[in-house]
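*Asks:* What would the 3D arrangement of this be:
(2 chains)
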Amino acid sequence: DTEVTQTPKHLVMGMTNKKSLKCEQHMGHRAMYWYKQKAKKPPELMFVYSYEKLSINESVPSRFSPECPNSSLLNLHLHALQPEDSALYLCASSRFLGVTNEKLFFGSGTQLSVL
Amino acid sequence: DAKTTQPNSMESNEEEPVHLPCNHSTISGTDYIHWYRQLPSQGPEYVIHGLTSNVNNRMASLAIAEDRKSSTLILHRATLRDAAVYYCIRHQGAQKLVFGQGTRLTINP
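*Replies:* Alright, predicted model coming up:
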């Protein structure tokens, strides 16, 4: 199984809603990532977890709250988002963090629209 | 700056080879060069990576210049399914993979 599974595939939420994005992998990878991608732009790193601990936070606003409950799961909790937060949210995993010849496996993403 | 420089777009014909260039003039000795591609409505997909010598796999070949300041991704016989945005990434191992702007590849039938 070399898949990273993201749910839901599409999400529409209002600015006062609370929602969560989920990501799952069963490859035994110990590093997991959240990226944000606006239309026709490259993915931008948001958070990185290594061995279930937050290792990198790229100065992301607190309305985005990541969580890694175990080595297979990664969540992104959303609260009080703004319309400019509408984007494709990508999850990725790799065997380890910080190894230059490690490759990342990406999910298909969650397309988020904030109204 | 960890980012790489690629042409914004390229076009090729089906069943012809495609050479996608990338400049990484500030690369250091331990940085790997990675290539990913992103098909429409998909997440990025790993293509190939290398350090110094040329690399081949079932998807593509990677030619790395002797001074390592540039590299070229080679698709030997492009198909319509190869139409995607191709990202050349310098992996510094400083815990993160930073994407540049990428090259949008169009394949003509």
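*Asks:* List, one by one, the residues from chain B near chain A.
*Replies:* Within chain B, the positions near chain A by Cβ under 8 Å from any Cβ of the partner chain are B:30-32, B:34, B:36, B:41-46, B:49, B:51, B:87, B:91-102. C-betas here are computed from N, CA, C, even on glycine.
*Asks:* For chain A, which segments are assigned as strands?
*Replies:* Assigned by DSSP state E, the strands in chain A fall at A:4-7, A:10-13, A:18-25, A:31-37, A:44-50, A:53-57, A:64-70, A:73-79, A:87-94, A:105-106, A:110-114.
*Asks:* hmm, what's the outermost residue in chain A?
*Replies:* A:Asn101 (21.6 Å; Cα atoms, centre = their mean).
*Asks:* so who does the closest residue to it other than its chain neighbours touch?
*Replies:* Distances taken as Cβ to Cβ, 6 or more residues apart in numbering or on different chains put B:Tyr32 closest to A:Asn101, at 5.0 Å, once the chain neighbours are dropped. Neighbouring residues of B:Tyr32 by Cβ atoms under 8 Å, 6 or more residues apart in numbering or on different chains: A:Thr100, A:Asn101, B:His49, B:Gly50, B:Leu51, B:Arg90, B:His91, B:Gly93.
*Asks:* Just want the residue of chain B that's nearest chain A.
*Replies:* Nearest residue of chain B to chain A: B:Gly43, at 3.3 Å (Cβ to the nearest Cβ).
*Asks:* can you tell me the helix or strand for that residue?
*Replies:* According to DSSP states H and E, B:Gly43 maps onto no helix or strand at all.
*Asks:* if I pick the closest residue to it other than its chain neighbours, what's in contact with it?
*Replies:* Nearest residue to B:Gly43, sequence neighbours excluded (Cβ to Cβ, 6+ apart): A:Phe106, at 3.3 Å. A:Phe106 sits next to A:Val4, A:Tyr35, A:Leu90, A:Cys91, A:Ala92, B:Gly43, B:Pro44, B:Glu45 when contact means Cβ under 8 Å, 6+ apart.
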